[in-house]
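Trainee: Mind looking at a prediction? Sequence and model below.
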Amino acid sequence: MTDKIAAYAMALQSDINTERFQVVENGKLQTYWIGTVYGGGVATNAGYKFKTHTEAWDNASLFIEQCAEIVSERLSKKGEL
């Protein structure tokens, strides 16, 4: 079974993209951007919907960094055993 966190941690900048989506909020159509990695939407503590393409792309990049940190922490803990 593939460890999804490890797979995301190995993602390259070229694996990041964004997608525009629309939702109805308070009776109004709103347009947002979501960052994607390997074609799937991702989220961080900052959320998943952003007003600009750049914000969404930066959030997806942060997601990859956070996954890499998790993998690094796991490896450190294995070394402590």
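Mentor: Sure, I can see it.
Trainee: Secondary structure element holding the nearest residue to T52 once chain neighbours are set aside?
Mentor: Leaving aside its sequence neighbours, T52 sits nearest to W33 (CB to CB, 6 or more residues apart in numbering; 6.3 Å). C-beta: built from backbone N, CA, C; applies to glycine. Per DSSP states H and E, W33 falls inside strand 28-37.
Trainee: for the very next helix or strand once past that strand, the distance to its chain's centre please.
Mentor: Next along the chain after strand 28-37, taking DSSP H and E as the criterion, comes strand 40-41. Averaged C-alpha coordinates place strand 40-41 at 7 Å from its chain's average position (CA atoms, centre = their mean, to the nearest Å).
Trainee: List the contacts of strand 40-41.
Mentor: Strand 40-41 is contacted from outside by E19, I34, G35, Y48, using CB atoms under 8 Å, 6 or more residues apart in numbering.
Trainee: show me the contacts for the last one.
Mentor: In this structure, Y48 makes contact with I34, G35, G41, V42, N59, judged by CB under 8 Å, 6+ apart.
Trainee: okay, now V23: neighbour count?
Mentor: Neighbour count of V23, defined by other CB atoms under 10 Å: 10.
Trainee: isn't it right up against I34?
Mentor: No. Between V23 and I34 there is no contact under CB atoms under 8 Å: 10.8 Å.
Trainee: Now do the shared contacts for these two.
Mentor: Counting by CB under 8 Å, 6+ apart, the contacts common to V23 and I34 are K49.
Trainee: do you know how far G27 is from I64?
Mentor: 36 Å (CB to CB, to the nearest Å).
Trainee: Please say which of the two ends up with more neighbours.
Mentor: Remark: of G27 and I64, I64 carries more neighbours, 20 against 5, as counted by other CB under 10 Å.
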